[in-house]
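S.K.: structural data only, the sequence is not supplied:
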């Protein structure tokens, strides 16, 4: 773990920018901005000898390197949504503090009435404010017949969201949504309750990171062996849609939906040719399909939710 913060700054320029298939104007604008911000980080860091090993943990974060860059990308209006980062979203778009017990959050109810006993937890992707997530929660409830609660992954603007996604991929930097989801899943498991998660885009990164955190806590705090932790985590159902994560810890039951016309999983997720070591999770089921225009068909409600089938049916590989 000898990579220095200065090395991370360089890696942002090499790894983050090149794979992005943005329009010419957007790409050039972002590239110019990041190059300026790399210089800012180098000036900020100075001669520090701090390494990833000193700060490598989802609860500690690498704020010294990533936060100055993210601040540059934030727009003036984005702090309005940032105040809800890591909070729960319930019925009528109400938000609740991250330490609120799941049972005390009024869930979004399906318009046609509840058809099962599950409460789903959904984590949104980038560029989605609370109102946008609330719309998705209702769509999920209507599609599944389940009660649905959201863990909000706040937006701070496109550039800042992308940089936070990079931190999630490297498992560095603070992300309140990661901590809220990890705490919730851990508490539900320890209380003997099953958990069902759904995540789109960056939300899959948040989920992947949180699940690894849960496993670490079960082993380090509760003294479980890896086999025991994974056995308990088998009570977690996970569905990802256009996920930007390439690796998922073993234990949970996974179903991944990947649109071949979606540039996000193609470049950054399970479909990525850039990472031959991608791991979908032990015994995961991955459903590939093709809808919309090449590279740009990433919308959750437009392209992914219509492809979803009931979880047990999906686990059998039946998507008809």
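M.R.: Ah, there it is. As the structure is a computational prediction, the values presented were derived from the model and not from experiment. Numbers count the residues shown, from 1 in each chain.

S.K.: what about the closest residue to residue 165 other than its chain neighbours, distance to residue 170?
M.R.: Here the nearest residue to residue 165 in space, its sequence neighbours aside, is residue 202; by CB to CB, 6 or more residues apart in numbering that works out to 4.8 Å. Every residue, glycine included, has its C-beta placed from N, CA and C. The gap separating residue 202 from residue 170 is 13 Å, by CB to CB, to the nearest Å.

S.K.: so residue 257 sits against residue 284, correct?
M.R.: No - under the criterion of CB atoms under 8 Å, residue 257 lies out of contact with residue 284, with a separation of 11.5 Å.

S.K.: look up how far residue 253 lies from the closest residue to residue 317 other than its chain neighbours.
M.R.: Take residue 317 and drop its neighbours on the chain: the residue closest to it by CB to CB, 6+ apart is residue 285, 5.9 Å away. For residue 285, the distance to residue 253 under the criterion CB to CB works out to 9 Å.

S.K.: tell me, what's touching those two both at once?
M.R.: Common neighbours of residue 285 and residue 253 are listed as residue 315 (criterion: CB atoms under 8 Å, 6 or more residues apart in numbering).

S.K.: residue 204 against residue 246, yeah?
M.R.: No - contact between residue 204 and residue 246 fails when scored by CB under 8 Å: they sit 9.6 Å apart.

S.K.: pLDDT weak spots in the stretch 151-300 of the chain?
M.R.: Under the criterion pLDDT under 70, the flagged ranges of the stretch 151-300 of the chain are 272-275.

S.K.: now the nearest residue to residue 129 once chain neighbours are set aside: which helix or strand?
M.R.: Closest residue to residue 129 in three dimensions, ignoring its sequence neighbours and counting by CB to CB, 6+ apart: residue 81, at 4.4 Å. Assigning secondary structure by DSSP states H and E places residue 81 in helix 79-82.

S.K.: what's the first helix or strand after that helix?
M.R.: By DSSP H and E, the next helix or strand past helix 79-82 is strand 88-89.

S.K.: note down every partner strand of whichever helix or strand comes after that next one and its orientation.
M.R.: Of the helices and strands lying after strand 88-89 in sequence (DSSP H and E), the nearest is strand 95-96. As defined by DSSP bridges, the strand partners of strand 95-96 come to strand 88-89 (antiparallel).

S.K.: how distant is the partner strand from the center of its chain?
M.R.: For strand 88-89, the distance between its averaged C-alpha position and the chain's averaged C-alpha position is 15 Å (CA atoms, centre = their mean, to the nearest Å).

S.K.: begin at 756, not 1, for the rest of this chat.
M.R.: Right, with 756 as the first residue, what we last looked at is strand 843-844.

S.K.: what about residue 846, neighbour count?
M.R.: Applying the criterion other CB atoms under 10 Å, we find 17 residues in the vicinity of residue 846.

S.K.: my read: it touches residue 861, true?
M.R.: Yes - checked against CB under 8 Å, the pair residue 846 and residue 861 is within contact range at 4.3 Å.

S.K.: so what touches stretch 941-955?
M.R.: If you take CB under 8 Å, 6+ apart as the criterion, stretch 941-955 is touched by 856-857, 873-880, 891, 895, 901, 936, 939-940, 961-962, 969, 972-973, 977, 987-988, 990-998, 1055, 1059, 1066.

S.K.: any idea how far the spatially closest residue to residue 1047 that is not a sequence neighbour lies from residue 1072?
M.R.: By the measure of CB to CB, 6+ apart, the closest residue to residue 1047 outside its immediate chain neighbours is residue 1016, 4.9 Å from it. Residue 1016 sits 21 Å away from residue 1072, going by CB to CB.
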